[in-house]
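Undergrad: can you look at this prediction? I've put the sequence above it.
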Amino acid sequence: MKYFARIAGEEIEVELVERLGRLSVSVDGEPFPLEYEPVDALGQVGVLTDGLSFGASVEGGGERVAVTIAGHTYHVEIEDERERAAHAAERRAAGSGGTVSSVMPGVVVTVLVGEGQQVEEGEPLLILEAMKMQNEIVAPGPGVVTTVHVEQGRSVTNGDPLVTLREAEE
């Protein structure tokens, strides 16, 4: 199964294949030697790669996890290939006009657009911090910003309107 992981704003593609009880891993299409063994039921794992071994702590689940290695915590957003296809279909069905709403509670860190600004599909509209992770909220399609409903520092909840777009005129 393919997964898409976003770590510190960088996206990587990870493919996991289990054959005869062994896990085969590739990262961005390149083989990645990796062995791991769960240490306990609390998310502690032992990892072996390229002759190096270390412990890791994995917290969270689903689409967002925090991985701590040697005292450094990495916040990871994960999407599998089925979720990615479903989200892409949702964006296409929604079109480029309408209101972009918050999908999680958080705090607006930065507003990157202003009213009247033309945006392209995937262009960041604002940065929303949730669970100590900064998330780019992007335009679902090309359009023009008609209303910015939030300002920097504002707390939002799930479903709150963030930015309203109208379809770009051709």
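TA: Cool, the structure landed. Everything numeric here is computed off the predicted structure, so don't read it as measured data.
Undergrad: lowest average confidence, helix or strand, in the chain?
TA: The weakest-scoring helix or strand in the chain, judged by mean pLDDT, DSSP states H and E, is helix 81-94 (a mean of 62).
Undergrad: following the chain past that helix, name the next helix or strand.
TA: Per DSSP states H and E, the first helix or strand lying C-terminal to helix 81-94 is strand 98-101.
Undergrad: that following strand pairs with which strands, parallel or anti?
TA: If you go by DSSP bridges, strand 98-101 pairs up with strand 161-167 (antiparallel).
Undergrad: give the buried residues for the partner strand.
TA: Burial within strand 161-167, assessed by neighbour count using 16 or more other CB atoms under 10 Å, is assigned to L162, V163, T164, L165. C-beta coordinates here come from the backbone N, C-alpha and C atoms, glycine included.
Undergrad: out of the residues you listed, the closest to L125 would be?
TA: For those, the residue nearest L125 by CB to CB is V163; the value is 4.9 Å.
Undergrad: wait, what's in contact with I12?
TA: Residues in contact with I12 (CB atoms under 8 Å, 6 or more residues apart in numbering) are F4, A5, V27, D28.
Undergrad: now those: which count as buried?
TA: The neighbour count (16+ other CB under 10 Å) marks A5 as buried among these.
Undergrad: so where is the chain shaky, pLDDT-wise?
TA: 85-96, 170 (pLDDT under 70).
Undergrad: same thing but at 50, please
TA: Low-confidence segments of the chain, defined by pLDDT under 50, span residues 93.
Undergrad: any idea how it splits into domains?
TA: Per automatic domain parsing, the structural domains of the chain span 2-80, 95-167.
Undergrad: chain center to the longest one, what's the gap?
TA: Spelled out, it's domain 2-80. 15 Å (CA atoms, centre = their mean, to the nearest Å).
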